[in-house]
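Trainee: Give me a model of this one.
(chains A and B)
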Amino acid sequence: DVKVTQSSRYLVKRTGEKVFLECVQDMDHENMFWYRQDPGLGLRLIYFSYDVKMKEKGDIPEGYSVSREKKERFSLILESASTNQTSMYLCAITGTGNTIYFGEGSWLTVV
Amino acid sequence: GENVEQHPSTLSVQEGDSAVIKCTYSDSASNYFPWYKQELGKGPQLIIDIRSNVGEKKDQRIAVTLNKTAKHFSLHITETQPEDSAVYFCAASPIGSGTYKYIFGTGTRLKVLA
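Mentor: Below is the predicted model of the structure:
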């Protein structure tokens, strides 16, 4: 079974704080993704990475950055959290046949 | 731009009845169409997928049909049970074209009434 682990499930942060969301996969896959999920808007791609130290912007990268120093770990960074970044964040990887698999999600509330 | 429209946004059915969710895509290069089930507080889980060289695929009580000409695909759940209650997402992707792009529908909240 493909395993995508998001270590922080529920976070509450203050406006202006720096936030790190971590994602770890155990399947040695190259491609990792960060999505944001909001009611009525579905899943929107923030950033993805197809290899160590490689990253590409998705549809809504503003206000976010990412880090991929090791193949199994992909981090999403909010340099200065704002209330409009309150959302559910989903990490994903592509497995065999480019099928996409998601983690359990990280619920972030910015107050 | 490319998009995937999903209908209905909410669906209520009686236990034992069938449920059908439909998606329409715009990118003619799309050739892979997965469906995901998302239970409350959890991430989406892949439940079934179909590739463009196949018109229909079935796995026990769930099936997916694809009409490439009309650019739409549907999820069919038969003999629904309360544990089928969840949000279902469709997606379309042009895999194999050098892109990792997935376009997701906005989701359907299915309620199975006991």
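Trainee: who does the helix or strand of chain A with the lowest mean pLDDT touch, helix- and strand-wise?
Mentor: The least trusted helix or strand in chain A, going by mean pLDDT, DSSP states H and E, turns out to be strand A:100-102, with a mean of 90. Contacting strand A:100-102 under the criterion 3 or more Cβ pairs under 8 Å, 6 or more residues apart in numbering or on different chains; DSSP states H and E are the following elements: strand A:87-94, strand B:45-51. C-beta here means a position set from N, CA and C on the backbone, and glycine is covered the same way.
Trainee: what's the following helix or strand after that strand?
Mentor: Next along the chain after strand A:100-102, taking DSSP states H and E as the criterion, comes strand A:106-110.
Trainee: Would you mind listing the buried residues in that following strand?
Mentor: A:106, A:108, A:110 (16 or more other Cβ atoms under 10 Å in any protein chain shown).
Trainee: Check stretch B:23-35 too.
Mentor: Residues B:23, B:24, B:25, B:27, B:30, B:31, B:32, B:33, B:34, B:35 are the ones in stretch B:23-35 that count as buried (16+ other Cβ under 10 Å).
Trainee: thinking again about what came up before, which neighbours does the least confident helix or strand of chain A have in its sheet, and in what orientation?
Mentor: strand A:87-94 (antiparallel) (DSSP bridges).
Trainee: Would you mind writing the CA trace of the strand it pairs with as PDB?
Mentor: Taking Å, rounded to 0.1, in the frame of the first residue of the first chain, the C-alpha atoms of strand A:87-94 are listed here in PDB:
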ATOM      1  CA  SER A  87      -7.700  25.600   4.700                       C
ATOM      2  CA  MET A  88      -7.100  21.900   4.400                       C
ATOM      3  CA  TYR A  89      -3.800  21.100   2.800                       C
ATOM      4  CA  LEU A  90      -3.300  17.800   1.000                       C
ATOM      5  CA  CYS A  91       0.000  16.200   0.100                       C
ATOM      6  CA  ALA A  92       0.000  13.700  -2.700                       C
ATOM      7  CA  ILE A  93       2.400  11.500  -4.700                       C
ATOM      8  CA  THR A  94       2.000   9.800  -8.100                       C
END
